[in-house]
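1. Let's see this in three dimensions:
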Amino acid sequence: MYQLFISRKTLAGLIVIWLVWGCAGGNEKLYFSSLSEGWAQQEEVQFLFSPKKINHPTNLYIYLRNDDHYPFSNIHLITTLKNPIGETLIDTLSYSMATPDGEWIGQGYWIHENKLWYKEAYRFGVVGEYQLSIRPAMRHNEQAKSIEVLEGITEVGIGIEQIQSEQ
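-> Numbering: from 1, shown residues only. The predicted model follows:
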């Protein structure tokens, strides 16, 4: 009778491959932009993309990755979505990043990833390239002046997920 021995490295490698393959099975397209020294308040992070289908419900997400140096329990963002013919949709958004007791909501240990709703079942109406710009809009309570640089934000991203029609 033969015994099969698998080293810990091989087992760990197989688990990582399985996890990556399992997570990549969805139809969400991801775009990320890295921030090396925090996120400057006036710095817009821009994403260009062309939707696969027009007039088809699509979920849009904003991804934020932060480390433990992020000093707030929430974040305020201003987004600008511009379609190929120049029509613009501007939103001011607020998201919680931590629970009231200070625990990060996002997934991860050293870097916490938050997947935040941006648009649910949104329908792109025009064929072509869209531009989504995101910038922070944070300030200290009871102060009009904004914070110059948000420390601890390491990456900003978007996710575009076509809703599967039920057959």
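
2. tell me what the helix or strand containing residue 161 is packed against?
-> Assessed by DSSP states H and E, residue 161 sits inside strand 153-162. Counting by 3 or more CB pairs under 8 Å, 6 or more residues apart in numbering; DSSP states H and E, the packing neighbours recorded for strand 153-162 are strand 28-34, strand 45-49, strand 57-66, strand 130-136. For every residue, glycine as well, the C-beta is placed using N, CA and C.

3. so what strands line up beside that strand?
-> strand 28-34 (antiparallel), strand 57-66 (antiparallel) (DSSP bridges).

4. Could you find the closest non-adjacent residue to the spatially most central residue of the chain?
-> With distances taken as CA atoms, centre = their mean, the residue of the chain nearest its centroid is residue 63 (1.0 Å). Distances taken as CB to CB, 6 or more residues apart in numbering place residue 157 nearest to residue 63, at 3.6 Å, with adjacent residues excluded.

5. Any figure for the gap between the one you found and residue 102?
-> Going from residue 157 to residue 102 by CB to CB, to the nearest Å gives 24 Å.

6. Residue 150 is in contact with residue 138, isn't it?
-> Yes: using CB atoms under 8 Å, residue 150 is in contact with residue 138, at 5.9 Å.

7. thinking again about what came up before, which of residue 157 and residue 102 has more neighbours?
-> Each of residue 157 and residue 102 has its neighbours counted (other CB atoms under 10 Å); residue 157 has more, 19 against 7.

8. Next, the contact list for the more buried one, please.
-> Neighbouring residues of residue 157 by CB atoms under 8 Å, 6 or more residues apart in numbering: 30-33, 62-65.

9. Which one of those residues is nearest to residue 165?
-> Distance to residue 165 across these (CB to CB) is lowest for residue 30, with 21.8 Å.

10. is it true that that closest one touches residue 63?
-> Yes: between residue 30 and residue 63 there is a contact under CB under 8 Å: 7.2 Å.

11. Quickly list what's touching both of these two.
-> Common contact partners of residue 30 and residue 63 (CB under 8 Å, 6+ apart): 157-159.

12. Save those residues as TSV, and put in distance to residue 165 and pLDDT too.
-> As requested, the shared contacts of residue 30 and residue 63 are exported to TSV (distance: CB to CB, whole Å; pLDDT from 0 to 100):
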residue	distance to residue 165	pLDDT
157	26	97
158	22	97
159	19	96
